[in-house]
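Student: take this sequence and fold it.
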Amino acid sequence: MASIYFAAPLFCKAELDFNAYLADILRKNGHEVFLPQEGTNNLIHAKCEDAVRQAKKEIFQDDISHIDAADVFLIILDGRVPDEGACFEFGYAYAKGKLCIGLKTDVRVSENGDDNIMLSVPLGDGLFRSIPELVNALEGI
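Tutor: Here you go, the predicted model:
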């Protein structure tokens with residue numbers, strides 16, 4: 001089974017709950033999942049500007065190292081627009097030659113009835129529209 005870096009928005013309870021739900025499904029299917037929201041967030045404990053700056057650097061480096069170590073990069077594309085942090089991570093993973101896949105259950109699109117080509121082209125046939133579709137595609141990886 002695959003080690004998966006899970007890139008998604010994580011700024012409200014609904015996003016956090018969905019991410020945890022999907023990560024649990026992937027783990028029950030035998031995958032190792034790195035979900036950034038589960039990590040230690042030193043920003044919470046940072047009290048001064050220097051500590052905040054250092055915590056941000058540590059979070060960035062930790063996420064980059066987990067992308068480097070992953071077999072598969074998964075980006076969640078639901079929402080009015082995709083999360084900008086997840087998009088950066090996606091570009092990094094793609095440039096590193098990682099197998100990149102996406103999940104988009106949202107019917108909204110960004111331009112001319114389609115998704116942004118900077119996301120849809122690199123994903124190609126690796127964009128899935130449901131959790132069962134995603135799980136089936138990950139079988140054997």
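Student: what's the least confident helix or strand in this protein, going by average pLDDT?
Tutor: helix 49-69 (a mean of 90; mean pLDDT, DSSP states H and E).
Student: identify the residues contacting whichever helix or strand comes after that helix?
Tutor: Going down the chain from helix 49-69, the next helix or strand is strand 72-76, by DSSP states H and E. Applying CB atoms under 8 Å, 6 or more residues apart in numbering, the contact partners of strand 72-76 are 2-9, 18-19, 22, 67, 82-83, 86-87, 89-90, 93-94, 98-104, 119, 123, 134, 138, 141. The way it works is simple: take the backbone N, C-alpha and C, and place the C-beta from them, glycine included.
Student: okay, the residue in the chain sticking out farthest from the centre: pLDDT?
Tutor: Centroid-distance maximum for the chain: residue 48 at 29.2 Å, with CA atoms, centre = their mean. What the model reports as pLDDT for residue 48 is 80.
Student: so who does it touch?
Tutor: Neighbours of residue 48 in contact, by CB under 8 Å, 6+ apart: none.
Student: what's stretch 3-12 in contact with?
Tutor: Against stretch 3-12 from outside (CB under 8 Å, 6+ apart): 15-16, 18-19, 22-23, 26, 31-37, 66-67, 69-76, 79, 83, 85-86, 89-90, 93, 98, 138.
Student: equivalent analysis for stretch 106-126, please.
Tutor: 75, 77-82, 87, 90, 94, 99-102, 104, 127, 137.
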